[in-house]
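In: The following block contains a protein sequence and its predicted model.
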Amino acid sequence: MRPVGSKYLLEEPLGRGATGTVWRGRQRETAGSEAAVQGEPGELVAIKVLKEELAHDPDVVMRFLRERSVLLRLAAANHTNIVRTRDLVVEGEVIALVMDLIDGPDLHRHLYENGPMTPVGAALLTAQIADALAAAHGKGIVHRDLKPANVLLAGGRDGQPLRPMLTDFGIARLADSPGVTRAHEFVGTPSYVAPESAEGREQTSAVDIYGAGILLYELVTGQPPFGGSNTLQVLQRHISERPHRPDGVPGPLWTVIERCLRKSADERPSASNLARALRTVAAGINEHATPEQRNAALGVGALLLPEASPVRVPGTGIGPEGSSEPTQVLPGGSRDASGEGRGDGGFGADPDAATNVLPTTGRDGEGEGGGRRDDGLNATRAMPTHGATPPEPEGPHPWEEQMRAARDRNEPTRVQPVQQPQDPLYRPPQRQPQRRPQQQHPQPPAPNQPRQDPYGYPPQQPQQQRYQPPPPPPQQYQRPVPPPYQEPPQRRQAEPRREREPRGRSRGANPMRIPGLGCLKGCLFMLLILVVIGFLIWNFTPLQDWIADGRSFWDTVTDWFDDLREMLGLIDEAQQTVDDNLPDGGE
Ligand SMILES: Nc1ncnc2c1ncn2[C@@H]1O[C@H](COP(=O)(O)OP(=O)(O)OP(=O)(O)O)[C@@H](O)[C@H]1O
């Protein structure tokens with residue numbers, strides 16, 4: 001058992017994701033007052049230990065500290081459909097989130113093992129997820145990585161209904177660090193990415209509604225609506241393709257899904273309206289529905305009103321009036337006037353401090369909020385700059401730039417590796433980035449074969465006929481791996497380095513590479529040597545005679561020894577004779 005901080009012990013890994021490993025852990029001591037849940041010694045918890053490359057990134061550590069009080073405040077709300085983040089630990093090189101331990105699978109696994117849900121079941125489950133989103137949005141927090149793997153399922157035993165619990169709040173934002181994600185990989189799930197995120201436009205709480213729509217679609221059909229052979233294809237489909245109503249999806253449920261999947265974020269419903277609409281649909285498409293309930297479900301479109309003032313995600317998109325500064329907002333205060341805005345960086349101080357106003361760059365090290373308080377009248381306002389130096393704007397991700405440029409040119413999009421000297425945020429990596437093991441895109445299995453799990457779970461036999469295997473899962477966008485580090489241009493000017501000729505064959509050599517040719521050559525050479533040795537033995541040894549006499553090797557050798565012994569005996573006798581014939585004392 002390994003300690004994490006002074007208060008927790010890691011016992012056993014529960015699973016691994018893109019941002020870290022989740023462990024079953026145990027509380028050693030009651031946590032301090034800075035924790036949202038102080039807990040009792042011996043209590044079981046789940047502990048997500050962030051990956052090393054995240055933990056070593058100063059931007060991530062800074063964001064982590066800033067997110068602290070946001071996550072803890074969300075935990076304090078104690079929503080039945082949100083996994084509480086009980087405590088956050090930064091110790092040495094370890095960053096960990098301590099959460100409630102949920103005894104149940106995640107929704108991705110559940111779907112994989114049990115197949116799609118009935119429309120009523122899917123609607124009721126998604127309604128609870130929408131409740132969780134409404135609570136989070138009400139606190140100014142956008143999840144940004146809604147997907148079945150981030151929904152844990154409590155209950156479900158002894159006839160209890162499944163209770164979905166949304167987890168990983170804030171993780172997408174933590175991992176969305178320039179040092180980590182810009183240079184190497186995009187943390188997120190392309191199948192669930194909203195069009196505005198794919199295009200690098202400003203993100204709002206509507207991205208979570210889009211994610212909920214995709215999730216609902218997957219729950220009833222077994223696969224998300226937009227697949228593709230590569231990530232960019234999937235992103236393009238999110239941007240430009242209208243989803244089609246699959247067979248078996250009732251009209252009212254499709255109305256809800258279709259509204260959640262609108263390309264324009266403004267046309268998507270708010271989370272609370274979505275929850276209400278889904279419950280209305282579930283009641284109306286139920287086989288025991290009354291005529292009134294059926295009519296209400298048919299008119300569900302009227303319930304799907306959009307959010308009046310959606311929560312904006314700081315640091316996404318481009319600021320107003322062509323300004324290169326991203327729009328910053330004070331989302332929490334407009335809804336939750338509980339004295340937020342007194343952020344301290346979130347570490348070891350006031351747990352009520354607001355940290356949901358994040359400077360985009362996260363590099364100035366200053367605490368959030370800085371005494372700002374939203375008066376509730378203006379949900380959106382630009383962040384004041386800190387001191388004389390304005391915050392450095394974050395540009396779009398390189399793949400966003402490429403997609404935009406390609407769209408402008410009406411050319412097919414291709415991802416080019418990002419040249420590090422061109423990337424203003426490039427820092428020579430201290431260690432190699434680890435790639436997610438499930439990056440390989442498995443082919444969809446044949447209908448009667450077990451489904452290949454894109455998240456790396458062991459294959460299972462499908463339990464329901466109508467469950468379709470998912471499309472080749474574009475689970476995790478791989479940022480192009482940058483080329484090896486080169487000297488910066490200035491230094492190269494001062495001391496020009498000559499390009500080395502690639503080492504290789506001579507010009508006359510056959511340029512074609514034949515696999516195993518080297519081995520074949522070696523074998524032929526050995527054969528030649530054996531032939532020469534054989535020739536020498538055949539001609540210069542008595543081997544031929546032995547063979548002609550029909551004698552075995554052993555007989556020949558023993559004969560040699562007999563002859564030798566005989567010869568030595570004769571020499572001995574001759575010596576004796578000579579000694580006898582010599583006169584006495586003579587030599
Ligand atoms: N609070 C928890 N209680 C019990 N199990 C959990 C808890 N949180 C996560 N898990 C389990 O740990 C595993 C890994 O979770 P993790 O959140 O790292 O996965 P992920 O969502 O696929 O990754 P990421 O969010 O980093 O992309 C999942 O299988 C999940 O079921």
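Out: Thanks, I have the structure now.
In: what are the bridge partners for the residue nearest to Met1 when sequence neighbours are not counted, then?
Out: Excluding its sequence neighbours, the residue lying closest to Met1 (CB to CB, 6 or more residues apart in numbering) is Leu9, at 4.6 Å. All C-beta atoms are positioned from the backbone trio N, CA, C, and that covers glycine. Taking DSSP bridges as the rule, Leu9 bridges to Pro3, Arg26.
In: domain ranges for this protein?
Out: Listed by the TED database, the domain ranges of the chain are 2-100, 107-303, 542-577.
In: Tell me how many other residues crowd the residue nearest to Met1.
Out: Using other CB atoms under 10 Å, the number of residues around Leu9 comes to 17.
In: That one contacts Glu29, correct?
Out: No. Between Leu9 and Glu29 there is no contact under CB atoms under 8 Å: 10.3 Å.
In: any idea how far the ligand is from the residue nearest to Val120 when sequence neighbours are not counted?
Out: Spatial nearest neighbour of Val120, excluding adjacent residues (CB to CB, 6+ apart): Ala282 at 4.9 Å. Noted for Ala282: a distance of 26 Å to the ligand, by CB to the nearest ligand atom, to the nearest Å.
In: Ala277 contacts Leu305, correct?
Out: No. Using CB under 8 Å, Ala277 and Leu305 do not qualify as a contacting pair, with a distance of 9.3 Å.
In: buried stuff in stretch 286-295?
Out: For stretch 286-295, the buried set under the neighbour-count rule, 16 or more other CB atoms under 10 Å, comprises 286, 289, 293.
In: C-terminal to the helix or strand containing His238, what's the next element?
Out: Counting by DSSP states H and E, the element that carries His238 is helix 231-240. Helices and strands here follow DSSP H and E; after helix 231-240, the next one along the chain is helix 251-260.
In: Could you give the residue of this structure that lies closest to the ligand?
Out: Gly17 (1.9 Å; CB to the nearest ligand atom).
In: Quick check: phi and psi on the residue nearest to Val120?
Out: Here is the backbone geometry of Ala282 (degrees, to the nearest 10): phi -60, psi -40.
In: Now do it: how many residues are near it, please.
Out: Per other CB under 10 Å, the neighbour tally for Ala282 reads 24.
In: That one and Ala123 touch, don't they?
Out: Yes. Contact criterion CB under 8 Å: Ala282 and Ala123 qualify, at 4.1 Å.
In: List the residues that contact Gly155.
Out: Gly155 makes contact with 104, 161-163 under the criterion CB atoms under 8 Å, 6 or more residues apart in numbering.
In: The closest residue in space to it that isn't next to it in sequence: how many residues sit nearby?
Out: Spatial nearest neighbour of Gly155, chain neighbours left out: Arg163 (4.4 Å); criterion: CB to CB, 6+ apart. Arg163 has 16 neighbours, counted by other CB under 10 Å.
In: Arg163 contacts Val151, correct?
Out: No. Here Arg163 does not reach Val151: they are 10.2 Å apart, not a contact under CB under 8 Å.
In: hey, what's in contact with both of these two?
Out: With CB under 8 Å, 6+ apart as the test, Arg163 and Val151 reach no residue in common.
In: which other residues reach stretch 254-269?
Out: With contact meaning CB under 8 Å, 6+ apart, stretch 254-269 is reached by 123, 194-196, 204, 206-207, 209-210, 212-214, 216-217, 225, 239, 243, 245, 249, 274, 277-278, 281, 300-301, 303-307, 310.
In: Also stretch 85-98?
Out: Here stretch 85-98 has contacts from 4-5, 7-8, 25, 31, 34-37, 39, 45-50, 52, 54-56, 60-61, 64-65, 67-68, 71-72, 74-75, 99-100, 169-171, 347, using CB under 8 Å, 6+ apart.
In: show me where the stretch 201-350 of the chain has helices.
Out: Shown for the stretch 201-350 of the chain, the helices assigned by DSSP state H, counting those that start in this stretch span residues 206-221, 231-240, 251-260, 271-285, 291-298, 331-335.
In: Output these in a markdown table, with distance to Val557 and mean pLDDT appended to each entry.
Out: Conversion of the helices of the stretch 201-350 of the chain to a markdown table gives the following (distance: least, CB to CB, whole Å; pLDDT from 0 to 100):
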| stretch | distance to Val557 | mean pLDDT |
| --- | --- | --- |
| helix 206-221 | 81 | 97 |
| helix 231-240 | 74 | 93 |
| helix 251-260 | 91 | 98 |
| helix 271-285 | 95 | 98 |
| helix 291-298 | 101 | 97 |
| helix 331-335 | 97 | 31 |
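In: The ones you listed into CSV, with extra columns for distance to Asp145?
Out: Below are those laid out as CSV (distance: least, CB to CB, whole Å):
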stretch, distance to Asp145
helix 206-221, 8
helix 231-240, 15
helix 251-260, 16
helix 271-285, 16
helix 291-298, 30
helix 331-335, 18
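In: and among those helices, the most buried is which?
Out: helix 206-221 (a mean of 26; mean count of other CB atoms under 10 Å).
In: which helices and strands sit right next to it?
Out: In terms of contacts (3 or more CB pairs under 8 Å, 6 or more residues apart in numbering; DSSP states H and E), helix 206-221 is packed against helix 107-114, helix 119-138, helix 195-198, helix 251-260, helix 271-285.
In: From the contact counts, what lies against the second one?
Out: Just to be clear, that refers to helix 119-138. Partner elements for helix 119-138 (3+ CB pairs under 8 Å, 6+ apart): strand 162-166, helix 206-221, helix 251-260, helix 271-285.
In: Kindly report the same for the third one.
Out: If contacts are counted by 3+ CB pairs under 8 Å, 6+ apart, helix 195-198 sits against helix 206-221, helix 231-240.
In: tilt between the shortest one and helix 206-221?
Out: Put plainly, it is helix 231-240. Following axes from the mean of the first three to the mean of the last three CA atoms, to 10 degrees, one obtains 100 degrees for the angle between helix 231-240 and helix 206-221.
In: now could you export just the CA positions of helix 231-240 as CSV?
Out: The C-alpha atoms that make up helix 231-240 are tabulated as CSV, following Å, rounded to 0.1, in the frame of the first residue of the first chain:
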residue,chain,number,x,y,z
THR,A,231,-10.4,11.6,-35.9
LEU,A,232,-10.6,14.4,-38.3
GLN,A,233,-13.3,12.6,-40.2
VAL,A,234,-15.3,12.3,-37.0
LEU,A,235,-14.8,16.0,-36.2
GLN,A,236,-15.8,17.0,-39.7
ARG,A,237,-19.0,15.0,-39.3
HIS,A,238,-19.8,16.7,-36.0
ILE,A,239,-19.4,20.0,-37.8
SER,A,240,-21.3,19.4,-41.0
